[in-house]
Each structure stands twice: as C-alpha cells, then as structure tokens.
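Engineer: Okay, structure incoming, though there's no sequence with it:
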C-alpha cells in the first residue's frame, strides 16, 4: 500500500515464496499504470505496465492485476529471489489535462530473506 | 535497451553556487523529465519537456530552471543552490504522447552545504 510519513510499508518474504505488493490509486480517470522497481542507490527500473482496458497482464515472473472498481493495483512476483529486494512503486497516468505527467506512489520496501 | 545517463552520481556544492545537472538519452525520445526524490515524499516532478526548446513546469519548479537545446539532452539548473535542494535528482525520458513508459537514469545525489 501507500506510505504515510517517512516510513515505507514493508513486505518481508522468504526466498521462493510469492510476493504481492499493493497500490491504491486515487483518480478514477487514470487509464495507464506502471510498476517500477528501485534498488538502493539506483534509478527506478520499469517492470510492467497495464492499460485500463485490461484487468491482468503477465510478464516474466510478474503479474499485474487492475481492479478499477476499487481503484486498486497489485504486483505479484512469483518465486521471489534475493535480487528482487527493492522498493516497488506504482505510477498512474490520467487522460486529459497534461498527458505527460505520471503520479507516483511512495512505494513498498520488499525484503527477501534467503 | 533505453539508456538514460546523468552526468554525475554524487555532487557536493555550497550554498549559493550555480549547479548544472545534465541528462542524456539515446532512444530519440521526445519527452524528458526531471524529478527529485526525498524520503517520505516520493518522486516529485520539477520540469518536463516535450520537444526541443519546449518546457513546462511540474509540481515544484521554484528554484530550478531547465534547458533543452538538443533532443537528446535535458539540463536542470539550480541558479543559487540552497540546503533544501539537497536531494536525489532523477531524469527520465519517454516517447511522445502521454501514456508512455518513462525510463529513468541512475540519479544524481546532490548535497548542498
């Protein structure tokens, strides 16, 4: 979920388990969503995206689910590995207005225990 | 692969100095963006550009300016650095249009003393 204050929500999983990271978005007009992964000291890295005409999209070991009814997005990581440890955050784009802008969530810290 | 590079990974400057942060992308992207990232505040858009010599203010443009003289290069300028501009600065680029993925550079961690 989204962070409050200075502390990110955290998710701790065992290596090999599946991880689910959640994101609540605020604008019902948002029609494009992206998940990013940010490792310590690095820039955000694109993982997967989804448009609002879909409710599920799969990549390599990752699946994004979109529930427009409750304005909820989730990222599922299968067989989580230590290299998946990072901050994950979602971004949304709203049609109309300035189409260039993405609104970013504050992120969830995923820790994978070996 | 999209490649977005930033001129410095770490930078230390003094209050009042003029600071230039450079960003270059090699994918012929029309859009380029500058963000700052601070703990608890996430990514905040400073400025963006959708074409050469075009720029638009983001959410927090105060104290910053930008320059886009060539398509591949987008510069962020701190006219007179202040301590509250100590932050991680991230550059991103994307194809034309709004609903396109933004690709980020590695970031520049700026410390203003």
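Structural biologist: Looks like it came in fine. For clarity, every value in this text was computed on a predicted model and none was experimentally measured.
Engineer: Just give the closest residue to residue A:61, not the sequence neighbours.
Structural biologist: Of all residues not flanking residue A:61 in the chain, residue A:78 sits nearest, at 4.8 Å (Cβ to Cβ, 6 or more residues apart in numbering or on different chains). C-beta here means a position set from N, CA and C on the backbone, and glycine is covered the same way.
Engineer: do the same with residue A:48
Structural biologist: Residue A:48's closest residue in space is residue A:59 (Cβ to Cβ, 6+ apart), at 4.6 Å.
Engineer: again with residue B:42
Structural biologist: The spatially closest residue to residue B:42, leaving aside those adjacent along the chain, is residue A:106, at 4.1 Å (Cβ to Cβ, 6+ apart).
Engineer: before we move on, the earlier item: can you tell me how far the residue nearest to residue A:48 sits from residue A:29?
Structural biologist: 26 Å (Cβ to Cβ, to the nearest Å).
Engineer: Please report the distance of the closest residue to residue B:38 other than its chain neighbours from chain A.
Structural biologist: Once flanking residues are discounted, residue B:38 sits nearest to residue B:87: 5.4 Å by Cβ to Cβ, 6+ apart. Counting by Cβ to the nearest Cβ, to the nearest Å, the gap from residue B:87 to chain A is 14 Å.
Engineer: wait, isn't residue B:87 in contact with residue B:110?
Structural biologist: Yes - the criterion here is Cβ atoms under 8 Å, and residue B:87 meets it with residue B:110 at 6.1 Å.
Engineer: Can you check the pLDDT for residue A:2?
Structural biologist: For residue A:2, the pLDDT comes out at 41.
Engineer: residues near the residue nearest to residue B:42, how many?
Structural biologist: 22 (other Cβ atoms under 10 Å in any protein chain shown).
Engineer: Run a quick neighbour tally on the closest residue to residue A:39 other than its chain neighbours.
Structural biologist: In space, and not counting its chain neighbours, residue A:39 is closest to residue A:86: 4.6 Å by Cβ to Cβ, 6+ apart. Neighbour count for residue A:86, taken as other Cβ under 10 Å: 21.
Engineer: any idea how far residue A:86 lies from chain B?
Structural biologist: Applying Cβ to the nearest Cβ to residue A:86 and chain B gives a distance of 13 Å.
Engineer: tell me the contacts of that residue?
Structural biologist: By Cβ atoms under 8 Å, 6 or more residues apart in numbering or on different chains, the residues touching residue A:86 are A:37, A:38, A:39, A:40, A:109, A:110.
Engineer: among those residues, which ones are buried?
Structural biologist: Buried residues within those, counting neighbours by 16 or more other Cβ atoms under 10 Å in any protein chain shown: A:37, A:38, A:109, A:110.
Engineer: Name the SS class of the most centrally placed residue in chain B, please.
Structural biologist: By Cα atoms, centre = their mean, chain B has its centre lying nearest to residue B:34, at 2.7 Å. With DSSP: H, G, I helix; E, B strand; the rest coil as the basis, the three-state label of residue B:34 is strand.
Engineer: I am finished for the moment; much appreciated.
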